[in-house]
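[1] Show me how the following folds:
(one chain, ligands or ions: 2)
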Amino acid sequence: TRSTRPQRLLKAVRKRATRGDPQSVISAIDHFCRHSEWAMNVGDEKGSILDSVVSELNPEKVLELGTYCGYSTVRIARLLPPGARLITLEFNADYAAIARQVIAWAGLEDKIQLVEGASEDWIPRMKEHFGIETFDFVFLDHWKDRYLPDTKLMEDCGLLRKGTVLLADNVICPGVPDYLEYVRNSLSYNSCYFKSHLEYTKAEDGLEKSVFLG
Ligand SMILES: Nc1ncc2ncn(CCCCCNC(=O)c3cc(-c4ccc(F)cc4)cc(O)c3O)c2n1
Ligand SMILES: [Mg+2]
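    Ligands and ions are numbered 1, 2, ... in the order given. Take a look at the predicted model:
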């Protein structure tokens with residue numbers, strides 16, 4: 001049967017990127033998405049904003065919601081200090097299988113734990129299952145109607161501490177109006193918007209950075 005887009009994306013990584021070189025994996029995926037087939041990776045323009053937030057924060061414990069093919073997983077993990085850990089949740093088994101191979105090609109598997117399942121099922125189990133106290137950085141890029149309930153769930157599970165940074169993708173396109181309204185009006189967050197574009201297009205999109213105040 002016909003291959004899937006994630007399978008073709010992985011093929012492009014293997015063809016163009018150098019094993020063990022995360023930057024070449026990132027460039028290969030961006031090239032594939034610009035010149036062959038659009039895919040819903042955070043992309044190079046928003047990815048540069050993601051890089052600057054991660055580099056400034058130097059987080060030890062990172063949670064990513066929504067792995068897809070592992071593009072942002074690789075972007076984040078390549079910047080983490082030794083000993084830092086990234087847990088990434090992916091609901092779709094086919095995407096997870098591709099992401100594992102993209103992460104392995106980048107040589108970053110030691111820093112990354114990919115968990116297959118739904119965020120709402122795994123967030124309550126982070127402490128007992130992964131020995132996580134709190135996260136330093138959370139990247140939200142999964143179902144857009146789960147950003148708000150999962151943020152409240154992370155608060156309720158005590159997974160956020162004073163200074164934890166939430167960075168949310170797609171706050172304009174496809175959009176997360178209920179989440180934006182919450183983080184921008186809650187006294188528990190300092191929130192700011194980084195205007196950008198939907199990956200590989202001219203449409204407006206952006207990232208919302210929200211610092212939890214405890
Ligand atoms: N609960 C739970 N737990 C864990 C999970 N793991 C995966 N999922 C399901 C996530 C399914 C993919 C989410 N991402 C997007 O839908 C997305 C879409 C666009 C986009 C598309 C078409 C357009 F015309 C314009 C923009 C662009 C983006 O950058 C996006 O990130 C989970 N859910
Ligand atoms: Mg996204």
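[2] Hmm, V211 is touching T164, no?
    Yes: with contact defined as C-beta atoms under 8 Å, V211 and T164 form a contacting pair (7.3 Å). For every residue, glycine as well, the C-beta is placed using N, CA and C.
[3] Those two: which is more packed in?
    Higher neighbour count among V211 and T164: T164, with 24 against 18, using other C-beta atoms under 10 Å.
[4] Quick check: the more buried one is in a strand.
    Yes: under DSSP: H, G, I helix; E, B strand; the rest coil, T164 falls within a strand.
[5] Once you drop chain neighbours, what's closest to it?
    Closest residue in space to T164, ignoring its immediate chain neighbours: F212 at 4.4 Å, by C-beta to C-beta, 6 or more residues apart in numbering.
[6] what's the one you found in contact with, if anything?
    With contacts defined as C-beta atoms under 8 Å, 6 or more residues apart in numbering, F212 is in contact with E155, L160, R161, K162, G163, T164, V165, L166, S188, Y189.
[7] do stretch 125-139 and ligand 1 meet?
    No: using C-beta under 6 Å from any ligand atom, stretch 125-139 stays clear of ligand 1, coming no nearer than 10.6 Å.
[8] chain center to stretch 201-214: distance?
    Taking C-alpha atoms, centre = their mean, to the nearest Å, one finds stretch 201-214 lying 12 Å from the centre of the chain it belongs to.
[9] and that stretch, which residues are buried?
    Neighbour-count burial for stretch 201-214, counted by 16 or more other C-beta atoms under 10 Å, picks out D205, G206, L207, E208, K209, S210, V211, F212.
[10] Strand partners (parallel or antiparallel) of the helix or strand hosting the first one?
    What that stands for is D205. Here D205, judged by DSSP states H and E, is contained in strand 204-212. Using DSSP bridges, strand 204-212 pairs in its sheet with strand 160-168 (antiparallel), strand 189-197 (antiparallel).
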